[in-house]
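1. I would like the atomic coordinates for the input below:
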Amino acid sequence: MVGGASLLLLPLSWLLRQVVGLDPAELAVGFLMFHAAHVINDPHFAVTYLLFYRHVKQRAFGASFSWQQRSRYIAAGFVVPLLLVAWASASIVTGSAQGLGWMIQLMFLLVGWHYVKQGFGVLVVLSGRRGVSYTAVERRAVLAHCFAAWAYAWASPFDPGRTVEEKGVVYSTLAQLYGLERWAQVAFFITLPVLLVMLARKWRREGRLPPLGPLSGLLVTVWLWTVYTSLDPLLMYMIPALHSLQYLYFVWLLKRNQARHEEGPPTFGRPVPIALGVLALSALALGFVLFHALPAILDTALASQPTRRLSELGPTPYFAALFAVVNLHHYFMDFVIWRRDNPDTQYLKS
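-> Sure thing, here's the model as predicted:
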C-alpha cells in the first residue's frame, strides 16, 4: 500500500507487454486506470476535505490547535481556496487560457513537492510506529534528497517554452533556465550519498536500519513515482493511483484508530466499520461531485450560451479549472493536516 506494490507491478508490466504487445497493453492499462480513478484517485482528493473541515469552527477559532496551527488552518482552509477560485474564475470570464495555464503549471510544479513530502511522511510515521526515530540531522538528510528529487523531476526534461494542451486548455509554458536540468540532476545525485552515509551511521550507532517497508516506500516514491516516472510505459499510468492508495492507507490508519478511541466511553460513537464505511462513501460521493457532476453541469451550461468563446479554453474549461483548484488546494490542506502539532495525527501512533 505504501509503495511496495510498484516493485511487484514492474515484472507484471514487463510480462504483459511480452504476451500481448505494448499497444494493446497500454490501451488496457490506460483504460483501467482512467476508470479506477473514480474509486481511488478522486476519493483521495475528496477525503482531504472531509478530514480538513471536520469541526471547522473549533479548529479555526477554538483552543484545540496552537496559534501557529490555527494560522495555517485559516490560510489553507479559507484564504487559499478563495484566491484559487478567484484566479480560475477571472481566467474563464476573460477567456484567458494563459491565465488558467499558469494555474495548471503551478499544479505541475507543486505535485512533485506533494509526492516527496508524502514519501517522507511514510518513512517517519511508519518507522515511529516500529520504534525507530530520526534526529534533526537525519531528517534534514532525507528531506534534502526529497527536495532535490522534486527539483530534478520538475526541471527534466528541459523546457525551452512551448505550446501545450491540458484538459482542453491551450497555453504556453514558462521557459526554464538553460542548465537548470543539469544542476538539479547534480543536486539529486549528490544528496544520495549523503542519505546513504546517514543510514550507515544510524546502523553503526543503533545497530539497525529503518524498517524495510517505510524505507522502500520513501525510495519508491522519490525514485520511481517522482523522478523516473517513464521507466516503465505501463507503470506510468498507475502512479497517480499508487500515490492515492499510499495516501488512503494513512487516512484509514488515522480514522480507524480514532474510531476505536471514540467507540467506547464516554462518547460511545459509531462502530468502527460503520464510521469507516460512512467516510468511504462520503469520499466517493464528493469525488464524483468535484470531478464529474459539477464540472459537467458548468461546462454544459457554458456550452449552451450562444456567445461562448471556445478558442484556447477548449470545450471543458470548468473541468480544467476545478481539476487545478482541487489539486492545489489538496496540497495546501495536506500541509496542515499531516503535522506533528495537529492533535488528530496522534492517532497514527496507536
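2. all contacts plus neighbour counts: C-alpha atoms, from now on.
-> Will do.
3. ranges for the strands of the stretch 151-300 of the chain?
-> Under the criterion DSSP state E, counting those that start in this stretch, strands of the stretch 151-300 of the chain are mapped to 163-166, 169-172.
4. okay, these, which one's buried deepest?
-> strand 169-172 (a mean of 20; mean count of other C-alpha atoms under 10 Å).
5. His38: helix or strand, and which one exactly?
-> Using DSSP states H and E, His38 sits within no helix or strand.
6. if we can go back for a sec, relative to Pro343, which of the strands of the stretch 151-300 of the chain is closest?
-> strand 163-166 (38.6 Å; C-alpha to C-alpha).
7. who does that closest one pair up with?
-> strand 169-172 (antiparallel) (DSSP bridges).
8. would you list the strands of the stretch 151-300 of the chain in JSON lines and tack on mean pLDDT and distance to Pro273?
-> What follows is the strands of the stretch 151-300 of the chain, written out as JSON lines (pLDDT from 0 to 100; distance: least, C-alpha to C-alpha, whole Å):
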{"stretch": "strand 163-166", "mean pLDDT": "93", "distance to Pro273": "39"}
{"stretch": "strand 169-172", "mean pLDDT": "94", "distance to Pro273": "42"}
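9. For those, give me a markdown table that also has distance to Cys146.
-> Converted to a markdown table, the strands of the stretch 151-300 of the chain look like this (distance: least, C-alpha to C-alpha, whole Å):
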| stretch | distance to Cys146 |
| --- | --- |
| strand 163-166 | 27 |
| strand 169-172 | 28 |
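10. Which residues belonging to the longest helix seen in the chain are considered buried?
-> As assigned by DSSP state H, the longest helix anywhere in the chain is helix 97-129. For helix 97-129, the neighbour count (16 or more other C-alpha atoms under 10 Å) marks 97-105, 107, 109-128 as buried.
11. try stretch 132-146
-> For stretch 132-146, by 16+ other C-alpha under 10 Å, it's 132-133, 138, 141-146.
12. export that stretch as PDB, just CAs?
-> Taking Å, rounded to 0.1, in the frame of the first residue of the first chain, the C-alpha atoms of stretch 132-146 are listed here in PDB:
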ATOM      1  CA  VAL A 132      12.600   3.900  15.100                       C
ATOM      2  CA  SER A 133      13.000   7.700  15.400                       C
ATOM      3  CA  TYR A 134      15.200  10.200  13.500                       C
ATOM      4  CA  THR A 135      17.400  13.000  14.700                       C
ATOM      5  CA  ALA A 136      17.000  16.500  13.300                       C
ATOM      6  CA  VAL A 137      20.200  15.900  11.200                       C
ATOM      7  CA  GLU A 138      18.900  12.600   9.800                       C
ATOM      8  CA  ARG A 139      15.500  14.200   8.900                       C
ATOM      9  CA  ARG A 140      17.400  17.000   7.100                       C
ATOM     10  CA  ALA A 141      19.400  14.400   5.100                       C
ATOM     11  CA  VAL A 142      16.200  12.700   4.000                       C
ATOM     12  CA  LEU A 143      14.400  15.900   3.200                       C
ATOM     13  CA  ALA A 144      17.400  17.200   1.200                       C
ATOM     14  CA  HIS A 145      17.200  14.100  -1.100                       C
ATOM     15  CA  CYS A 146      13.400  14.500  -1.300                       C
END
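13. Report the rounded mean pLDDT for that stretch.
-> Stretch 132-146 shows an average pLDDT of 96 in the prediction.
14. can you pull out the helices in the stretch 151-300 of the chain?
-> 180-206, 212-219, 235-263, 272-288, 294-303 (DSSP state H, counting those that start in this stretch).
15. of all those, which lies closest to Met33?
-> Using C-alpha to C-alpha, the helices of the stretch 151-300 of the chain put helix 235-263 closest to Met33, at 6.4 Å.
16. Quick one: end-to-end length of stretch 226-239, please.
-> With C-alpha to C-alpha, to the nearest Å as the measure, stretch 226-239 spans 9 Å from end to end.
17. So which bits of it are buried?
-> Buried, per 16+ other C-alpha under 10 Å, within stretch 226-239: 226-227, 229, 233-239.
18. Enumerate every residue touching the nearest residue to Lys255 once chain neighbours are set aside.
-> Of all residues not flanking Lys255 in the chain, Leu276 sits nearest, at 7.1 Å (C-alpha to C-alpha, 6 or more residues apart in numbering). Counting by C-alpha atoms under 8 Å, 6 or more residues apart in numbering, Leu276 touches 252, 255-256, 259.
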